[in-house]
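>>> task: produce atomic coordinates for the following.
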Amino acid sequence: MPKPVKLIVSIFGAEEYLINYYKEILIKEFGPVDLESNIQPFNFTDYYATEFGKNLIQKLYSFETLIPAERLPEIKKRTNDLESRFGSSSNRKINLDPGYISLDKFILASTKNGPSRIYLNSGIYAEITLRYINQSFIPGEYTYPNYKTEEYINFLNKVREKYKLQLRKYSDKLNQKNKKDKADLTFWKP
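Numbering: from 1, shown residues only. Below you'll find the predicted structure:
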């Protein structure tokens, strides 16, 4: 059985108050945030300028509750729905990009296909954005520039350390449950 993963959501837009507003919405959806990055300028491309304007900013949030990896398409569809709160699907005010961290990678979800994306289901693709090699995350050939920054790589390394601690607790609980189940079986008689 695959281990649960650590949910990460990126929020970017032109207004810090909207980022804070959506953080609260995401907390209601996915539970408490346990780590959040500093604000990083999102000045790597003009791709979003028409939709969001200029001087964009971005923050990353990691959520305390671990999730099954197979929930990523459902979470991406939900964040797409949330984006329309202050606009329409064709004129958003904010961009929400969910993904997750496992011990060896950082995955982002997308509705767009691409050379490094794998189709999951329900119109959602996944991309290995960063791989964990030699004690740090490293970008891939198609990694967006905002995830290549020292700021975000350091942040995601901290999230991974937190995740490792959570996995230890998860494994301990699973081992205790398995021992209890085995102990219960010793008393079962046909």
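>>> give me the contact list for stretch 16-32.
Counting by C-beta atoms under 8 Å, 6 or more residues apart in numbering, the neighbours of stretch 16-32 from elsewhere in the structure are 7, 9, 11-13, 33, 36, 39, 57, 59, 61, 63-65, 67, 75, 78-79, 82, 85-86, 93-94, 96. In short, each C-beta sits where N, CA and C put it, glycine included.
>>> tell me the SS of residue 166?
Of the three states, residue 166 takes helix under DSSP: H, G, I helix; E, B strand; the rest coil.
>>> who does the closest residue to it other than its chain neighbours form a beta bridge with?
Sequence neighbours aside, residue 66 is the residue nearest to residue 166 in space, at 6.0 Å (criterion: C-beta to C-beta, 6 or more residues apart in numbering). When bridges are taken as DSSP bridges, the partners of residue 66 come out as residue 6.
>>> next, count neighbours for the residue lying closest to residue 124 once chain neighbours are set aside.
Across the structure, with C-beta to C-beta, 6+ apart as the measure, the residue nearest residue 124 apart from its sequence neighbours is residue 73 (3.8 Å). Burial of residue 73, expressed as a neighbour count using other C-beta atoms under 10 Å, amounts to 19.
>>> ok so residue 73 is a strand residue?
No. The assignment for residue 73, made by three-state DSSP, is helix rather than a strand.
>>> mind listing what it touches?
By C-beta under 8 Å, 6+ apart, residue 73 lies in contact with 109, 120, 121, 122, 123, 124.
>>> looking at those, which are in strands?
When strands are assigned by DSSP state E, the members of the contacts of residue 73 inside them are 109, 120, 121, 124.
>>> one step back: residues in contact with the residue nearest to residue 166?
By C-beta under 8 Å, 6+ apart, the contact set of residue 66 is 4, 5, 6, 7, 163, 166, 167, 170.
>>> confirm for me that the third one is in contact with residue 61.
Read that as residue 6. No. With contact defined as C-beta atoms under 8 Å, residue 6 and residue 61 do not form a contacting pair (10.9 Å).
>>> what about the strands in the chain?
Taking DSSP E, the strands of the chain run over residues 5-13, 33-36, 40-41, 57-67, 94-101, 105-110, 117-121, 124-133, 136-139.
>>> direction included, what does the last one pair up with?
Strand 136-139 has the following sheet partners, assigned by DSSP bridges: strand 124-133 (antiparallel).
>>> buried sites along the strand it pairs with?
Buried residues in strand 124-133, defined by neighbour count with 16 or more other C-beta atoms under 10 Å: 124, 125, 126, 127, 128, 129, 130, 132.
>>> ok, and the closest non-adjacent residue to the fourth one?
Once flanking residues are discounted, residue 127 sits nearest to residue 117: 4.7 Å by C-beta to C-beta, 6+ apart.
>>> could you count how many residues lie near that neighbour?
Here the number of neighbours of residue 117 (other C-beta under 10 Å) works out to 17.
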